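**Student:** Okay, here's the prediction I keep looking at, along with the sequence it came from:
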Amino acid sequence: MKIDGKSYKTIWFENNLVKIIDQTKLPHQFKIKDLKTVKDAINAIKTMEVRGAPLIGATAAYGLVLSIIENNDLSFLKKSSEQLIASRPTAINLKWAIDRMMKKLNGINEKDILKIALDEAKSIKDEDEGFCKNIGLNGLKIIEEISNKKKGTVNILTHCNAGWLATIDWGTATSPIYHAHQKGIKVHVWVDETRPRNQGANLTSYELNEEGISNTVITDNAGGILMQRGQVDMCIVGTDRTLSNGDVCNKIGTYLKALSAKDNNVPFYVALPSSTIDWSIKDHKQIPIEERNSEELSHVEGIDENNVIKKVRIYPQKSKSLNLAFDVTPAKLVTGLITEKGICEASEKGLKGLFK
Ligand code: MRU
């Protein structure tokens, strides 16, 4: 998608370097950063210079490429893969990408390994782009239906950033919105601010603005009243890990939006590529929920009138805080899963019907 009218992907490989858009600087500064070593890739994931489940997966895959360039040795590669997997715990795409890369590289000789690693990382990247495009085409049908019935602007609420910045391109939750907009359907997006890191306000609103899509940033607690007032036609969110039973783990606060949607008969959709499905665990209590630094809660960052970026404390130094980064929305609250293969019920039957 576009920034300042120019098309970008979120990650690419050039001159033996991995290039990323540093998302910790957005929306105030647009900076492309070079990742030179596997440590740089691990750091980029940990500090959220790159974030969003599919993009974390692609960065990890390219992290292994950097590991081979740095030191073409099997034990170094294994150590790199373990460190990459541990860099963020919740999004399953990270482990999925590393497992896929290591399987492909198993038994490959030193001479060929770099080329094969590069090809596989590129396939993961290109595949995600295709998946997200198809998610958009599938989700577009739902927006079209609402638009035809309503004969007016379709109001869509989204949480966090499951936009193109969280993937390679298109996004998951935003892809149906981009496709609808390109088709001339009138859409307006309610963007949850998404405290504490404000991915909604900083990233989703930013990317929608760049594509010329009408959007309004709201506080994380405003969704309920908007739904009661009939100002939300549907919700679409992303996910970091979807269980085979249809339970959905996503950014903290997603669950409360789903409860509110249920109470107000607002359809609540989750958009995901198949790389986000965890077929291995059955109980959501087994999902490792990331707990991040309390400074993300106690401080906010913004730009002042002199264009200087500043970080300030917002509550007493003495106060304790708990910064859980994700929650789980039970399948019973999910209207449907929008995937690259089609839309299905949030259930084992639904998912297995699409992904045998
Ligand atoms: O902590 P983040 O910013 O990586 O969390 C991102 C989300 O929760 C997204 O909704 C999810 O990764 C899906 S991205 C298409």
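**Tutor:** Here it is on my side, so go on.
**Student:** wait, doesn't Gly348 sit right on Ile277?
**Tutor:** If you look again at residue 348, you'll see it is Glu, not Gly. No: Glu348 is beyond contact range of Ile277, at 10.7 Å (criterion: C-beta atoms under 8 Å). For glycine as for every other residue, the C-beta is placed from the backbone atoms N, C-alpha and C.
**Student:** joint contacts of the two?
**Tutor:** Residues touching both Glu348 and Ile277 (C-beta atoms under 8 Å, 6 or more residues apart in numbering): Ser244.
**Student:** between these two, who's got more neighbours?
**Tutor:** Ranked by neighbour count (other C-beta atoms under 10 Å), Glu348 and Ile277 place Ile277 first, with 22 against 15.
**Student:** name the element the nearest residue to that one once chain neighbours are set aside belongs to?
**Tutor:** Counting by C-beta to C-beta, 6 or more residues apart in numbering, Thr242 is the residue found nearest to Ile277 once chain neighbours are left out, at 5.2 Å. Following DSSP states H and E, one finds Thr242 within strand 241-243.
**Student:** How about residues contacting that strand?
**Tutor:** Contacts of strand 241-243 (C-beta under 8 Å, 6+ apart): 53, 90-92, 248-249, 270, 272, 276-278, 281-282, 284, 287, 337, 351.
**Student:** Generate the PyMOL command that creates a selection of the buried members of these.
**Tutor:** Those of those that count as buried under 16 or more other C-beta atoms under 10 Å are selected in PyMOL with:
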select buried, resi 53+90+91+92+248+249+270+272+276+277+278+284+287+337+351
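**Student:** Sort out for me which of the contacts of strand 241-243 are in helices.
**Tutor:** Of the contacts of strand 241-243, the ones assigned to helices by DSSP state H are Ala53, Ile92, Leu351.
**Student:** Correct me if wrong: the first one contacts Asp278.
**Tutor:** No: with contact taken as C-beta under 8 Å, Ala53 and Asp278 are classed as non-touching, separated by 11.0 Å.
**Student:** which neighbours do those two share?
**Tutor:** If you check Ala53 and Asp278 against C-beta under 8 Å, 6+ apart, the residues they both contact are Ile92, Arg241.
**Student:** Show me the helices in this structure, by range?
**Tutor:** Taking DSSP H as the criterion, the chain carries its helices at 38-46, 53-70, 74-85, 92-105, 110-150, 175-182, 199, 205-210, 223-228, 254-263, 295-298, 348-354.
**Student:** Could you check how far the one residue in the stretch 101-250 of the chain that gets nearest to the ligand is from Leu322?
**Tutor:** When distances are taken as C-beta to the nearest ligand atom, the stretch 101-250 of the chain reaches nearest to the ligand at Gly238, 2.8 Å away. Distance, Gly238 to Leu322, by C-beta to C-beta, to the nearest Å: 23 Å.
**Student:** Looking only at neighbour counts, state which of these two leads.
**Tutor:** It is Gly238, of Gly238 and Leu322, that has more neighbours when counted by other C-beta under 10 Å, with 31 against 7.
**Student:** Now that one. Nearest residue, chain neighbours left out?
**Tutor:** Spatial nearest neighbour of Gly238, excluding adjacent residues (C-beta to C-beta, 6+ apart): Ala162 at 2.5 Å.
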